[in-house]
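In: Show me the folded form of this:
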Amino acid sequence: MPFTLAVCAEMVFTDLPLPERVRRIHDRGFACEIWGWTDKDAAVLAATGARFTSMTGYVEGDLTTPDGADALLRTAEPSIAFAREIGCPTLNIHGTGLGEGGLPVRPVDVVTGEMWFAALRTLERVAALAERSGVTYVIENLNTEVDHPGTPFARAADTLALVRAVGSPHLRMNLDLYHAQIGEGNLVELVRRAVPFVGEVQVADVPGRCEPGTGEVAWPFVARALADAGYEGVVAMEAFASDPSVDGSERALDRFRKAFTV
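Out: The predicted structure follows:
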């Protein structure tokens, strides 16, 4: 298997406390991902023995406004400190902070040229911080049609353009194929184009955002395309279990492993 398979602990085994979810994911042989860190205890998570591959790398801020950029960089530093405590090498950011229900804190109708230049400057600062800290930041594409309306730089084409423009190995794409399928489609061609700039891949099926095999995407075909393009990094299931029970979450992990075993 060319990939490291990881599972987002925020979305499976949801009837259990988070540390127990992490242990179950680890015991099944998967790495683990989390979202925000401010409500979590690093020592408790580290004691699970799990391998953590990604977490949210800021608490507030955005890419395009002076105050927002400063807030993003300011809250990135304690995020990196938490990541070190749990051994997590990759931290995730978005075009703007996300609030309740995944809605952008600072939504925009039109992304202007000035916003693009501001985002580039902010991401250059993020990459420099990541290099000094020995971590990698990834910027995640999102969909605006269903989950995150008003988020700037949401398309994978946008995040790819920004990552290429910054040109740092410490800033990569988090290529979320669930969001890309909703917003852009043509996943195999997207994979082929983006893989040299990808630091992580996330997956969930469409519609429904549940595990692979519950929707319209031919995930084994996409997995083969990733492997053929030379990708050897993390593929993470950031998806709900279609059956939210403990047994249903176990089956969701089995489906995910089967889809990405190539």
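In: tally of neighbours for the residue nearest to residue 97 when sequence neighbours are not counted?
Out: By the measure of CB to CB, 6 or more residues apart in numbering, the closest residue to residue 97 outside its immediate chain neighbours is residue 105, 4.1 Å from it. Bear in mind the C-beta positions are built from the backbone N, C-alpha and C, glycine included. Using other CB atoms under 10 Å as the criterion, residue 105 is surrounded by 16 other residues.
In: do residue 195 as well
Out: Using other CB under 10 Å, residue 195 has 19 neighbouring residues.
In: Please name the nearest non-neighbouring residue to it.
Out: Looking at residue 195 with CB to CB, 6+ apart, the closest residue is residue 229, at 4.2 Å.
In: residues contacting residue 81?
Out: For residue 81, the contact set (CB atoms under 8 Å, 6 or more residues apart in numbering) is empty.
In: quick check, it in a helix?
Out: Yes - assignment of residue 81 by DSSP: H, G, I helix; E, B strand; the rest coil places it within a helix.
In: Per-residue pLDDT of it, please?
Out: The predicted structure scores residue 81 at 98 on the pLDDT scale.
In: what's the answer for residue 200, then?
Out: 98.
In: can you start the count at 432 instead of 1 from here on
Out: Got it, the first residue is 432 from now on, which makes the last one we talked about residue 631.
In: give me phi/psi at it?
Out: The phi and psi torsions at residue 631 (degrees, to the nearest 10) take the values phi -170, psi 150.
In: What's opposite it in the beta bridge?
Out: Beta-bridge partners recorded for residue 631 (DSSP bridges): residue 605.
In: What distance do you get for it to residue 666?
Out: 8 Å (CB to CB, to the nearest Å).
In: Return every residue with contacts to both of those two.
Out: The contact lists of residue 631 and residue 666 share no entry, where a contact means CB under 8 Å, 6+ apart.
In: hmm, back to that, I'd guessed the residue nearest to residue 626 sits against residue 621; true?
Out: No - distance between residue 660 and residue 621: 10.4 Å, which falls outside the contact criterion (CB atoms under 8 Å).
In: Just want to know which of the two has more residues nearby.
Out: residue 621 (22 against 15).
In: I'd like to know how far that one sits from residue 479.
Out: When distance is defined by CB to CB, residue 621 is 34 Å away from residue 479.
In: Then residue 562?
Out: Distance of residue 562 to residue 479, computed by CB to CB: 29 Å.
In: Just give the closest residue to residue 519, not the sequence neighbours.
Out: Beyond its immediate neighbours in the sequence, the residue positioned closest to residue 519 (CB to CB, 6+ apart) is residue 483, lying 4.0 Å away.
In: thought that neighbour was touching residue 522?
Out: No - in terms of CB under 8 Å, residue 483 does not count as a neighbour of residue 522; the distance is 10.7 Å.
In: okay, and the common contacts of those two?
Out: Contact criterion CB under 8 Å, 6+ apart; residues bridging residue 483 and residue 522 by contacting each: residue 514.
In: Appreciated, that's everything.
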